[in-house]
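Trainee: Sequence plus the predicted model coming up.
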Amino acid sequence: MNPDDLDHDAAGEPSLVRPYALVRGRTRAGSAAPLPVEAIIVTDDSVNASGLQLEPEAIVRLCRRPYSVAEVSALLAVPVGVVRVLVADLSADGFVQVNLPLDPTAGDTVDRSILERVLAGLEAL
């Protein structure tokens, strides 16, 4: 989605009313907790996005390559709160898969060697 595709107000500025109208003012889908911005969204190549509204279809098509909620928000120029709700809805309907980050308080752990390789890669930048 291009920012030029958004509705504009009388002053010609992009209007945020339309995206929030897409989610009917909801700040979360159902009773689920909001998705973290670092959650990774992926769409299977076999998923057919035709028939979806503009923004949900754009999310499904974009996420054929893994992106975080924050990246989807930035790339589609849609507020992150709206993306969270749309992605949760798409996940519930089977259009996308949501991969949540590890939760160390729940006993989830990452192999130390992976963290060391990530750190080495960041230092190399």
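Mentor: Now that the structure is in, tell me what you want to look at. Values in this document were obtained by computation on a predicted structure and should not be read as measured data.

Trainee: can you map out the helices along the protein?
Mentor: For the chain, the helices defined by DSSP state H cover 17-22, 54-62, 69-76, 80-92, 112-124.

Trainee: which regions of this protein lie under the pLDDT threshold?
Mentor: Under the criterion pLDDT under 70, the flagged ranges of the chain are 1-33, 102-111, 114-115, 118, 125.

Trainee: Swap in 50 and give it another go.
Mentor: For the chain, the stretches with pLDDT under 50 are 1-6, 8-10.

Trainee: Restrict stretch 38-51 to CA atoms and write it as CSV.
Mentor: C-alpha atoms of stretch 38-51 as CSV (Å, rounded to 0.1, in the frame of the first residue of the first chain):
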residue,chain,number,x,y,z
GLU,A,38,8.7,-7.7,17.3
ALA,A,39,6.4,-10.6,16.5
ILE,A,40,7.2,-12.1,13.1
ILE,A,41,4.4,-12.5,10.5
VAL,A,42,4.6,-15.0,7.7
THR,A,43,2.2,-16.0,5.0
ASP,A,44,2.3,-19.4,3.3
ASP,A,45,2.7,-19.2,-0.5
SER,A,46,-0.5,-21.2,-0.9
VAL,A,47,-2.7,-18.6,0.9
ASN,A,48,-5.1,-16.8,-1.5
ALA,A,49,-5.5,-13.2,-0.4
SER,A,50,-8.1,-12.3,-3.1
GLY,A,51,-11.3,-11.1,-1.7
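
Trainee: Cool, thanks, talk later.
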